[in-house]
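Enquirer: Only the shape, not the letters, is given here:
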């Protein structure tokens, strides 16, 4: 029926259909029909092109498959592959890290090459093979103006920028390539040349404290520091903060006492009198106003020096020799007595060595256990590693909701202190800027000086 209807269509309708057919690319267009008033005009000017295309697609499916796809079952259309094909993996291209996933997607979807943010070998045009250093050298020889930083013209009369062939030193060329801790190959040195070469630096094999520390980067806060904490946890945290503050106050009092003693000692040192021990004072002798005090010089009698006779010197020498002989005899007797105690001395020496070794191992173990908790409170070098501050509020200041909660502490300071306690950075203290004395400006009175 449809074919007979298309044969009866007039030539004007055919030309209009062909002329106003929908293009393949661009905006869709409508058919230019004269009129659709009435049933006869509607049947005459109707467009059945989409229907014909749908029927033709069904016919092509019947020719290829044997029936339409709508009539096929799921088992006929789909197959579950449980084994796979070994040849497919060999035919696929190998994975390359240089190719990004976005680049592969663009290659599959479009034949237009992708736009790269960085220049590639293909995008950069071929340049001259003359390097920049050679170009500057040739310009120096020709005394042509050369451009330096910010397109400034270099002066050829300046030292190092003239016509002389001055190049970068070898130290600058190889800067940044030397590593003193790299393991170098051991070279065989001939006999007699051991001391002619410079000895190589060996890296010390020492364990770092950060390898032993097991303190997490962010510590879990105490239960009593919550905005609505339990009563027991809150009391425990307040007692701990009180203990820490009391210890700091005791240290401050001890330091003040030491400073007071040093200041008093300095005062005593300045007021000390000659010939008397430090801290002792001499009372002044009262004098009568009417009678003068007579001063008498005390005469100390000198002891006459007597020279020893020859017999006295010989006797003293004989006594010294006898004392030396008695000391040597006692030492020999003691040494002979210890020969029989060799086994007991050896056992005691071994016991003492074992005890010292055990004490050393115990100290090392205690140090490791202490390092596991971090370096808080320990002195490293010039400064002391700061301890964590206990942030706690009194019961009156506690807020029962988050709306009235007041923020406390500083996250940046906590992270910085945590890195110091975990031996990631060295302990430091803030260095405040010092105020320098202002320069006094005054005018010389030149008009007052006459020459």
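Expert: Now that the structure is in, tell me what you want to look at. Nothing here was measured: the structure is a model prediction, and the numbers come from that model. Numbering: from 1, shown residues only.
Enquirer: Looking at this structure, which helix is longest?
Expert: helix 231-271 (DSSP state H).
Enquirer: For the helix or strand following that one, the averaged confidence score.
Expert: Using DSSP states H and E, the helix or strand that follows helix 231-271 in sequence is helix 310-339. Helix 310-339 carries an average pLDDT of 92.
Enquirer: Quick one: distance of helix 310-339 to the chain centre.
Expert: 71 Å (Cα atoms, centre = their mean, to the nearest Å).
Enquirer: residues of the helix or strand following it that come out buried?
Expert: On the C-terminal side of helix 310-339, the closest following helix or strand by DSSP H and E is helix 342-372. Buried residues in helix 342-372, counted by 16 or more other Cβ atoms under 10 Å: residue 371. Using the backbone N, CA and C atoms, a C-beta is placed for each residue, glycine as well.
Enquirer: same deal with stretch 411-431?
Expert: 417-418, 420-423, 427.
Enquirer: would you list these in JSON lines and tack on distance to residue 444 and pLDDT?
Expert: Listed next are those as JSON lines, based on distance: Cβ to Cβ, whole Å; pLDDT from 0 to 100:
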{"residue": "417", "distance to residue 444": "55", "pLDDT": "91"}
{"residue": "418", "distance to residue 444": "59", "pLDDT": "91"}
{"residue": "420", "distance to residue 444": "54", "pLDDT": "91"}
{"residue": "421", "distance to residue 444": "59", "pLDDT": "91"}
{"residue": "422", "distance to residue 444": "61", "pLDDT": "90"}
{"residue": "423", "distance to residue 444": "59", "pLDDT": "88"}
{"residue": "427", "distance to residue 444": "51", "pLDDT": "89"}
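Enquirer: Give me the subset of the residues you listed that lies in strands.
Expert: Using DSSP state E, no member of those falls in strands.
Enquirer: that older thread, please tell me how far the longest helix of the chain is from the chain's geometric centre.
Expert: 36 Å.
Enquirer: Quickly find the element holding residue 201.
Expert: Under the criterion DSSP H and E, no helix or strand holds residue 201.
Enquirer: before we move on, what about residue 206?
Expert: Counting by DSSP H and E, residue 206 is found in no helix or strand.
Enquirer: Can you list the low-confidence ranges for the stretch 301-450 of the chain?
Expert: For the stretch 301-450 of the chain, the stretches flagged by pLDDT under 70 are 447-450.
Enquirer: Am I right that residue 137 falls within a strand?
Expert: No: counting by DSSP: H, G, I helix; E, B strand; the rest coil, one finds residue 137 to be helix, located in no strand.
Enquirer: What is the burial count for it?
Expert: Residue 137 has 15 neighbouring residues, counting by other Cβ atoms under 10 Å.
Enquirer: now residue 87
Expert: 8.
Enquirer: and it, how far is that from residue 434?
Expert: Applying Cβ to Cβ, to the nearest Å, the value for residue 87 to residue 434 is 80 Å.
Enquirer: next one: residue 261
Expert: Where residue 434 is concerned, residue 261 sits at a distance of 29 Å (Cβ to Cβ).
Enquirer: What of residue 424?
Expert: 29 Å.
Enquirer: ok, now residue 66?
Expert: For residue 66, the distance to residue 434 - Cβ to Cβ - is 98 Å.
Enquirer: These two - which one has more neighbours?
Expert: Neighbours were counted for residue 66 and for residue 434 using other Cβ under 10 Å; residue 66 has more, 9 against 5.
Enquirer: Can you check my assumption that that one lies in a helix?
Expert: No: applying three-state DSSP, one finds residue 66 to be coil, outside a helix.
Enquirer: Could you measure from it over to residue 417?
Expert: Counting by Cβ to Cβ, the gap from residue 66 to residue 417 is 80 Å.
Enquirer: for residue 258, same thing?
Expert: 28 Å.
Enquirer: How about residue 169?
Expert: From residue 169 to residue 417 the distance is 45 Å (Cβ to Cβ).
Enquirer: Please list the residues outside stretch 424-440 that contact it.
Expert: With contact meaning Cβ atoms under 8 Å, 6 or more residues apart in numbering, stretch 424-440 is reached by 210, 375, 380-381, 383-386, 416, 419-420.
Enquirer: Switch those over to TSV; also include secondary structure and distance to residue 233.
Expert: Listed next are those as TSV, based on DSSP: H, G, I helix; E, B strand; the rest coil; distance: Cβ to Cβ, whole Å:
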residue	secondary structure	distance to residue 233
210	helix	32
375	coil	27
380	strand	33
381	coil	37
383	strand	33
384	strand	29
385	coil	27
386	coil	25
416	helix	27
419	helix	28
420	helix	28
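Enquirer: Going by neighbour count, which of those are buried?
Expert: Buried, going by 16+ other Cβ under 10 Å: 375, 385-386, 420, out of the contacts of stretch 424-440.
Enquirer: And residue 430, its phi and psi?
Expert: phi -70, psi 130 (degrees, to the nearest 10).
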